[in-house]
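*Asks:* coordinates only, no sequence provided:
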Ligand SMILES: Nc1ncnc2c1ncn2[C@@H]1O[C@H](COP(=O)(O)OP(=O)(O)OP(=O)(O)O)[C@@H](O)[C@H]1O
């Protein structure tokens, strides 16, 4: 196990959003957190990354408690890509290089620069390397933020709707890249996503959140239409097409 989320209770202004939530993620696994708008998916990712402190519960990454770690140590273990990304006036190259910060000692080395180059290539961003990120489209910026998280070389990637601004081709490419990196380097990724078909195509396991708790979780082949109906209130059929899980609403 690489990530162990234990009994998280967290909320805002006295209102609990997550009311005792547990799950684990193993090495080499892409796990998708699913559930309706406002159920607490972003809150959960921000809590795992120690940006929000829960009322109770624990988050262990490689058996270490994130709430007892220094910021630099958290950044070595967890790479977080937010749903909305802020763009200052810096080039894409510099923005990605910032991902190396937790690993830098005195200065940037050749190896850091090579890693940045590699990530820009991996995400098809070479031609935008010197473009300022505040002059980029939403999708381009989303890819820059994913590249930055990759060069951070964390054990766990946390990705909040990583494909929300991307066109179909880019969605497929990014999710393929994430899945490849996770499987190749035996990391883990926890993503949130609204597109169920993309989620089941590119993740190994799922967690459905309902009313502040894990409603059900499992491997993709364990998904049933009842789970989706219970969580979203929508009846669906689940088809298998060319080895993929396809969710079709019946309304
Ligand atoms: N900073 C905040 N202050 C107060 N309430 C908040 C804050 N951030 C989120 N909330 C509330 O907490 C609940 C969970 O929000 P969160 O963004 O975690 O949901 P989500 O599942 O990620 O939603 P979505 O699918 O729409 O992105 C919502 O009711 C939201 O209004």
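*Replies:* Sure, I can see it. What you see is a predicted model, and the numbers here were worked out from it, not measured in a lab. Numbers count the residues shown, from 1 in each chain.
*Asks:* ranges for the helices of the stretch 1-150 of the chain?
*Replies:* 41-48, 71-77, 92-97, 110-122, 138-151 (DSSP state H, counting those that start in this stretch).
*Asks:* make JSON lines out of these and add mean neighbour count, distance to residue 238 and mean pLDDT.
*Replies:* C-beta: built from backbone N, CA, C; applies to glycine. Shown next, in JSON lines, are these (neighbours: other C-beta atoms under 10 Å; distance: least, C-beta to C-beta, whole Å; pLDDT from 0 to 100):
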{"stretch": "helix 41-48", "mean neighbour count": "23", "distance to residue 238": "22", "mean pLDDT": "98"}
{"stretch": "helix 71-77", "mean neighbour count": "15", "distance to residue 238": "35", "mean pLDDT": "94"}
{"stretch": "helix 92-97", "mean neighbour count": "23", "distance to residue 238": "38", "mean pLDDT": "95"}
{"stretch": "helix 110-122", "mean neighbour count": "16", "distance to residue 238": "32", "mean pLDDT": "95"}
{"stretch": "helix 138-151", "mean neighbour count": "24", "distance to residue 238": "29", "mean pLDDT": "92"}
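*Asks:* all strands of the chain, in order?
*Replies:* 3-12, 15-25, 29-34, 56-61, 64-65, 78-81, 156-160, 188-192, 205-210, 213-219, 236-241, 244-249 (DSSP state E).
*Asks:* name every strand pairing with the second one and say which way it goes.
*Replies:* What it means is strand 15-25. Its sheet considered, strand 15-25 pairs with strand 3-12 (antiparallel) by DSSP bridges.
*Asks:* which parts of the partner strand are buried?
*Replies:* Applying a neighbour-count criterion of 16 or more other C-beta atoms under 10 Å, one finds 3-6, 8-11 buried in strand 3-12.
*Asks:* same question for stretch 239-248.
*Replies:* Result for stretch 239-248 [16+ other C-beta under 10 Å]: buried residues 245, 247.
*Asks:* what's the answer for stretch 95-106, then?
*Replies:* Result for stretch 95-106 [16+ other C-beta under 10 Å]: buried residues 95-97, 99-100, 102-103.
*Asks:* I'd like those residues as TSV, with distance to residue 183 appended.
*Replies:* TSV is the format used below for those (distance: C-beta to C-beta, whole Å):
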residue	distance to residue 183
95	26
96	22
97	26
99	21
100	23
102	23
103	23
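*Asks:* CSV for these, including distance to the ligand?
*Replies:* Putting the buried residues of stretch 95-106 into CSV (distance: C-beta to the nearest ligand atom, whole Å) gives the following:
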residue, distance to the ligand
95, 24
96, 25
97, 29
99, 23
100, 29
102, 25
103, 30
